[in-house]
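# Provide a 3D model corresponding to the input given below.
(one chain, ligands or ions: 1)
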Amino acid sequence: MNSSLISKVEKSRRYADEPERIRFQSFNVRFDGENGEHTVSMAGADFSDSSPSFQSQGTSSHIMALQKILAPMLTEEQQTSGAPFSFSAQSSSYVSKVEKARMYAEEPQRVKFQTFAATLRGSHDEHKVSMDGEDFSCDCHGFEAQGTCAHIMAMQRVLADMLTEDQQTAGQPFSFSAAE
Ligand SMILES: [Zn+2]
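Purely as a prediction, here's the structure:
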């Protein structure tokens, strides 16, 4: 293992320990809920969910769970999107949604990212990192030269439970599993 890889791995670890460096612009995930699989997406501060409760109420336990799991990487507006069915409203259906969302938030492996677009504030600049299926990309020079970079490795580490095995190891041998 060469020294440039070691420094990339160390950098990515530090980034992953500071998830507030990350801001999601958009994503698409599959959510394995109790009543079946749903597709949840976010674009800007707008969420949508293929579940029927989203159609009637503008939010869902899946969206609330994602807002909780990804909180440090979301803006204030993204975290509260879907109000008045946010953590201030009171109704029995709302309460049961909140409880479900709490349970889901403890089980992030229910979530599988299909795509995302995010920015990561590195030590020098902010970089655009994205994933589509198993393909990652980043606008930094390291990615251009080596096909992966500290920013992508940081995302792979932060989202680990919410990525498939192939997504977690994309970019090998410059990945965590090769370095450890
Ligand atoms: Zn990068």
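# Could you use CA atoms for every contact and neighbour count after this?
OK.
# measure the residue minimising distance to the centre of the chain to V95 for me?
Residue closest to the average C-alpha location in the chain (CA atoms, centre = their mean): L159, at 5.6 Å. For L159, the distance to V95 equals 28 Å [CA to CA, to the nearest Å].
# Mind checking what secondary structure the residue nearest to F116 when sequence neighbours are not counted has?
What sits nearest to F116 in space, not counting adjacent residues and going by CA to CA, 6 or more residues apart in numbering, is F27, at 4.0 Å. Each residue gets one of three states, and F27 gets strand by DSSP: H, G, I helix; E, B strand; the rest coil.
# and F27, how many neighbours does it have?
For F27, the count of nearby residues is 20 (other CA atoms under 10 Å).
# Please apply the same query to S12.
Neighbours of S12 using other CA under 10 Å come to 24.
# Just to check, it is in contact with Q156?
No: judged on CA atoms under 8 Å, S12 makes no contact with Q156 at a distance of 9.3 Å.
# Check which residues of stretch 46-66 are buried.
47-49, 51, 54, 58-66 (16 or more other CA atoms under 10 Å).
# Format these as TSV; extra columns: distance to the ion.
Below are the buried residues of stretch 46-66 laid out as TSV (distance: CA to the ion, whole Å):
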residue	distance to the ion
F47	27
S48	29
D49	30
S51	35
F54	35
G58	35
T59	33
S60	33
S61	33
H62	30
I63	28
M64	30
A65	28
L66	25
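# So which of those residues belong to helices?
F54, S61, H62, I63, M64, A65, L66 (DSSP state H).
# Could you check how far the third one is from A101?
With distances defined as CA to CA, the gap from H62 to A101 amounts to 6 Å.
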